[in-house]
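Participant: Here is a sequence with its predicted model. Questions after.
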Amino acid sequence: AQSVAQPEDQVNVAEGNPLTVKCTYSVSGNPYLFWYVQYPNRGLQFLLKYITGDNLVKGSYGFEAEFNKSQTSFHLKKPSALVSDSALYFCAAGYNFNKFYFGSGTKLNVKP
Amino acid sequence: NAGVTQTPKFRVLKTGQSMTLLCAQDMNHEYMYWYRQDPGMGLRLIHYSVGEGTTAKGEVPDGYNVSRLKKQNFLLGLESAAPSQTSVYFCASSNTPGRSSYGYTFGSGTRLTVV
């Protein structure tokens, strides 16, 4: 079965430290990869995407993601976390209109 | 610049009652989707539409019906609500999936509780 896995339900980091939110996918072919962020009582917002090209993708709010084809991973990173980055993060993979698979989400807690 | 608008934002239903969730988008997107979000399970696709007058089943369609009579609107109906349908429902829209700038554009969600 095709799926996207986010192995950590929660990630805790101190403000100013680097953060990583992990994502691995099991989707056939070469899927498009996305990261979305969800703030409380809000819909998901686009952060960044990978379709092709450089393995390091830069997105909104200083976030970046590293694509690794051999490990089928697409980890979200940020060099220096902010308290305002605290939110729920979703990874998604797919390429057909009805074939986007979402991970279960990772709650990021950034503490002052 | 409204994007995707969902109404209502909150609703409490009694078991067996019916209701319709409305999704409206003003971006002229062809594709529209209904997802439900449950703790620890991410988002699961209920139904989707690839254009006006078309609908198709997603991953968890049972207990739901949809209609897309106008391009900008996508309605999700619950004919006889059950407690298992307690969830947060998100509508999304897109143009060519994947290649579009933002993938999907999501609404802010409808929190439904069935008692």
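Facilitator: Received the coordinates, thanks.

Participant: alpha carbons only for contacts and neighbour counts from here, please
Facilitator: OK.

Participant: start to end distance for stretch A:40-60?
Facilitator: End-to-end distance for stretch A:40-60: 18 Å, by Cα to Cα, to the nearest Å.

Participant: buried stuff in that stretch?
Facilitator: Neighbour counts over stretch A:40-60 (16 or more other Cα atoms under 10 Å in any protein chain shown) mark A:43-51, A:56-59 as buried.

Participant: Check the model's average confidence along it for me.
Facilitator: The pLDDT scores in stretch A:40-60 average 89.

Participant: separation between the residue sitting nearest the centre point of chain B and residue A:73?
Facilitator: The centre of chain B sits closest to residue B:34, judged by Cα atoms, centre = their mean, with a distance of 2.7 Å. Distance of residue B:34 to residue A:73, given as Cα to Cα: 27 Å.

Participant: which element follows the helix or strand of chain A with the lowest mean pLDDT toward the C-terminus?
Facilitator: Sorting the helices and strands of chain A by mean pLDDT, DSSP states H and E puts strand A:101-102 at the bottom, at a mean of 88. Using DSSP states H and E, the helix or strand that directly follows strand A:101-102 along the chain is strand A:106-111.

Participant: Against which helices or strands is that following strand packed?
Facilitator: Strand A:106-111 sits against strand A:10-14, strand A:87-94, with contacts defined as 3 or more Cα pairs under 8 Å, 6 or more residues apart in numbering or on different chains; DSSP states H and E.

Participant: among the ones you listed, which is nearest residue A:34?
Facilitator: strand A:87-94 (5.0 Å; Cα to Cα).

Participant: For chain B, tell me whether that closest one is touching it.
Facilitator: Yes: judged by Cα under 8 Å from any Cα of the partner chain, strand A:87-94 comes into contact with chain B at A:90, A:94.

Participant: one step back: what's the closest of the buried residues of stretch A:40-60 to chain B?
Facilitator: Nearest to chain B among the buried residues of stretch A:40-60 is residue A:43, at 4.0 Å by Cα to the nearest Cα.

Participant: for chain B, which spans come out with low pLDDT?
Facilitator: Within chain B, the ranges that satisfy pLDDT under 70 run B:1, B:97-102.

Participant: Contact residues of it facing chain A?
Facilitator: Within reach of chain A by Cα under 8 Å from any Cα, chain B has these residues: B:31, B:39-44, B:48, B:50, B:58, B:90, B:96-99, B:102-109.

Participant: Near chain B, which residues of chain A? Just list them.
Facilitator: Applying Cα under 8 Å from any Cα, we find that chain A lies next to chain B at A:9, A:32, A:34, A:41-46, A:48-49, A:51, A:90, A:94-98, A:102-105.
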